[in-house]
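A.B. asks: sequence first, predicted coordinates after that:
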Amino acid sequence: MRYDNWIHLCIDMQRMFAEDTPWHVPWMRQVSPQVDEVARRHPQRTIFTRFVPPSRAADMPGMWRTYYEKWNMMTLEQLGPEMVDLVPALKAMVPPARIFDKMTYSPWTNGELHCVLAEEGVETLVISGGETDVCVLAAAVGAIDLGYRVIILKDAVCSGADDTHDASLELLGRRFSVQLEILSTEGFIRRV
């Protein structure tokens, strides 16, 4: 099967997850070649999301404030805004690749990304990045709710926890099998 109106949605491949921080995701290094391969082949079809913490915990509402009180060292005031940047290899692809910033796990919360994709006639989202069991999961389920066909690149997603990474892929593959497909990067590239 070939895909026509698709976008590569690369989730949160940022310095704050790749480098030595409390949110470091060691697996990111292992999946980076696959993410890079898709983005390099199709930069004009790639959108990178960036998870952007607030300057201070007090800037956030509700339980997000509590969350950043726990993770105060990950606020922009403590972390530094440069750590929000994409990893250098991916940042070099912008433009033509695009960046979409978000302050929550899901890129769908404020509706902006969906409006852009709907205007462009996008029907299929090819998802890579991290973390499988947090932001990738939120992106995939939100995309399903919005009616997109979703492809998860199983060798291009990563997590800091093996068990919840595996459980998330199993959940997505079994429970959403009509709307979601799990493929290897090579398997996807052969189809486009």
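C.D. replies: Sure thing, it's come through.
A.B. asks: given the helix or strand harbouring L125, what are its sheet partners and their directions?
C.D. replies: Assigning secondary structure by DSSP states H and E places L125 in strand 124-130. Note on strand 124-130: by DSSP bridges, its sheet partners are strand 6-11 (parallel), strand 149-158 (parallel).
A.B. asks: chain center to it, what's the gap?
C.D. replies: Distance of strand 124-130 from the chain centroid (Cα atoms, centre = their mean, to the nearest Å) equals 6 Å.
A.B. asks: same check on stretch 144-153?
C.D. replies: Distance, centroid of stretch 144-153 to centroid of chain: 13 Å (Cα atoms, centre = their mean).
A.B. asks: could you tell me the end-to-end distance of that stretch?
C.D. replies: 16 Å (Cα to Cα, to the nearest Å).
A.B. asks: next one: stretch 23-30
C.D. replies: Per Cα to Cα, stretch 23-30 runs 16 Å from first to last residue.
A.B. asks: now do the buried residues in that stretch.
C.D. replies: Neighbour-count burial for stretch 23-30 flags 23, 25, 27-28 (criterion: 16 or more other Cβ atoms under 10 Å). Backbone N, C-alpha and C define where each C-beta goes, glycine included.
A.B. asks: export stretch 170-177 as PDB, just CAs?
C.D. replies: Backbone C-alpha positions of stretch 170-177 (Å, rounded to 0.1, in the frame of the first residue of the first chain) are rendered in PDB as follows:
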ATOM      1  CA  GLU A 170       1.200  -3.500  22.100                       C
ATOM      2  CA  LEU A 171      -1.700  -1.300  23.200                       C
ATOM      3  CA  LEU A 172      -1.600   0.800  20.100                       C
ATOM      4  CA  GLY A 173      -1.200  -2.100  17.800                       C
ATOM      5  CA  ARG A 174      -4.000  -4.300  19.300                       C
ATOM      6  CA  ARG A 175      -6.600  -1.800  20.300                       C
ATOM      7  CA  PHE A 176      -6.400   0.600  17.400                       C
ATOM      8  CA  SER A 177      -5.500  -1.800  14.500                       C
END
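A.B. asks: which parts of it are buried?
C.D. replies: 172, 176.
A.B. asks: before we move on, what SS does the most far-flung residue of the chain relative to its centre have?
C.D. replies: Going by Cα atoms, centre = their mean, the residue of the chain most distant from its centre is A58, 25.6 Å out. In terms of secondary structure, A58 is helix; the call rests on DSSP: H, G, I helix; E, B strand; the rest coil.
A.B. asks: got a pLDDT number for it?
C.D. replies: For A58, the model assigns a pLDDT of 97.
A.B. asks: just the element for the residue lying closest to it once chain neighbours are set aside, please.
C.D. replies: Leaving out its chain neighbours, the residue that sits closest to A58 by Cβ to Cβ, 6 or more residues apart in numbering is R65, at 6.6 Å. For R65, the enclosing helix or strand under DSSP H and E is helix 62-70.
A.B. asks: let's test this: mean pLDDT of that helix, rounded?
C.D. replies: Mean predicted confidence for helix 62-70 is 98.
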